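Novice: Pasting the sequence and the predicted model now:
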Amino acid sequence: MSRAKLDSIRAAGPAILPSLLQCDFGDLRTEIEKLTVAGTRVLHLDVMDGHFVPNLTYGMPIVEGLRRHTDMPLDVHLMISDPIAYAQPMVDAGADLLTFHVEAVDDCVEVAGKIRDMGVGVGVAINPDTDFAKLDCCLDSVDMVLVMSVNAGFGGQQFNPVALDRLRSLKERKPDLLLEIDGGIKAETIGDARAAGCDLFVVGSAIFGQHDYETAINELTQAMHGSPPATGDQS
Ligand SMILES: O=C(CO)[C@H](O)[C@H](O)COP(=O)(O)O
């Protein structure tokens, strides 16, 4: 299942991934239905432990519940201090792609190898203030790099353009690596991220802050391909 889903993500080209951080957790089934109708192909799940980041979200029961309601690939962003402790339970719950933070581990090659051995795709994430060179040793061990354009932890933060230089550098050095960006992605920023080589765009506020998800995703898709936003109000 899971590595095949990774291949399908890669083959389908650039995608907008709604981030399940600011959705209506009281009606998740409806949220997933609305996102599916709006053309979502991959879901991004924000797992936070209240320790690695000062925010607490959800764990395996939500991943497992979502898995029962959708065949979409589940891209799980582990903002947690001990990713290996929860990696296998997340895979068992239905995750297809697991991303850990380079700041959270001592040996990212070892962690990436262990996750890959679980049969899923593996990504490594880096916060804007972290030394970019920290990624160097593990670029051959991962399927994806998640370049954070805000500090992990909360939605609705301002886009940090350091992410664009990082995307360009990664694209040049490792053209086959999947590149994902997360934080402050909206109509005004998504085009630059695409031009910098990004494949996967995690979006929270610019979808869940809007009444109509389909319109929001269509506008983001147009902006990703270089068309100016229709209304200018995506904030
Ligand atoms: O991982 C995250 C924060 O750590 C979220 O995915 C991110 O906040 C998306 O929200 P927004 O688009 O509002 O910035």
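Specialist: Structure received.

Novice: what does the chain put close to the ligand?
Specialist: 19, 21, 46, 77, 150, 152-157, 182-185, 202-206 (CB under 6 Å from any ligand atom). From N, CA and C alone the C-beta is placed, and that goes for glycine too.

Novice: Now list the buried members of the residues you listed.
Specialist: 19, 21, 46, 77, 150, 152-155, 157, 182-185, 202-206 (16 or more other CB atoms under 10 Å).

Novice: Helices of the protein, start to end?
Specialist: 2-12, 28-37, 60-69, 83-93, 108-117, 162-173, 187-195, 205-208, 213-224 (DSSP state H).

Novice: will you turn the ones you listed into TSV that also has distance to Phe132 and mean pLDDT?
Specialist: Listed next are the helices of the chain as TSV, based on distance: least, CB to CB, whole Å; pLDDT from 0 to 100:
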stretch	distance to Phe132	mean pLDDT
helix 2-12	24	86
helix 28-37	32	97
helix 60-69	30	97
helix 83-93	20	98
helix 108-117	13	98
helix 162-173	6	98
helix 187-195	16	98
helix 205-208	26	97
helix 213-224	24	97
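
Novice: Quick check: which of these is nearest to Val53?
Specialist: Evaluated with CB to CB, the helices of the chain place helix 83-93 nearest to Val53, the distance being 12.8 Å.

Novice: residues near Val109, how many?
Specialist: Per other CB atoms under 10 Å, the neighbour tally for Val109 reads 15.

Novice: Give the full set of residues in contact with it.
Specialist: Residues near Val109 by CB atoms under 8 Å, 6 or more residues apart in numbering: 137-138, 141.

Novice: From these, pick the one nearest the ligand.
Specialist: For the contacts of Val109, the minimum distance to the ligand (CB to the nearest ligand atom) is 19.9 Å, reached by Cys138.
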